[in-house]
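Student: this one's sequence-less:
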């Protein structure tokens, strides 16, 4: 039986860190006022991710934090791709740059190796 231990340490670049922190802050605003148990857990998880990311560039995540952040960012990148298809010209221009940032974050930090 092979036990796969994985290192959840990530070293973020300055710009990527800003994009991720901004995204997490928006997600926190959406989940904070809820009385649902799942949303409360999710909110606590996002707060711990934010606290760790504010401390230093190299962040040591727990397994839950890593996969929660990965799922949020991957889902948001997919949503942006869908939005680009139905957006107008000006909105598409802004969404493409944002989608490119998110796809770079996914490939640099969260893609399985």
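Tutor: On my side now, so go ahead. The structure displayed is predicted, hence computed values, not measured ones. Numbering: from 1, shown residues only.

Student: show me where this structure has its helices.
Tutor: 14-31, 37-55, 63-86, 89-105 (DSSP state H).

Student: so how far is stretch 101-113 off the chain centroid?
Tutor: How far stretch 101-113 lies from its chain's middle: 10 Å, per Cα atoms, centre = their mean, to the nearest Å.

Student: what about the nearest residue to residue 39 once chain neighbours are set aside, neighbour count?
Tutor: Closest residue in space to residue 39, ignoring its immediate chain neighbours: residue 31 at 4.8 Å, by Cβ to Cβ, 6 or more residues apart in numbering. C-beta coordinates here come from the backbone N, C-alpha and C atoms, glycine included. Other residues near residue 31 come to 19 when the count uses other Cβ atoms under 10 Å.

Student: quick one: residue 31 and residue 46 touch, right?
Tutor: Yes. Contact between residue 31 and residue 46 holds when scored by Cβ atoms under 8 Å: they sit 6.9 Å apart.

Student: and residue 46, how close does it get to residue 13?
Tutor: Per Cβ to Cβ, to the nearest Å, residue 46 is found 21 Å from residue 13.

Student: so for these two, which residue has more residues nearby?
Tutor: residue 46 (22 against 13).

Student: apart from its neighbours in sequence, what residue is nearest the more buried one?
Tutor: Excluding its sequence neighbours, the residue lying closest to residue 46 (Cβ to Cβ, 6+ apart) is residue 28, at 5.1 Å.

Student: so who does the residue nearest to residue 39 touch?
Tutor: Each residue near residue 31 by Cβ atoms under 8 Å, 6 or more residues apart in numbering is listed here: 39, 42, 43, 46.

Student: could you measure from residue 51 over to residue 59?
Tutor: Applying Cβ to Cβ to residue 51 and residue 59 gives a distance of 10 Å.
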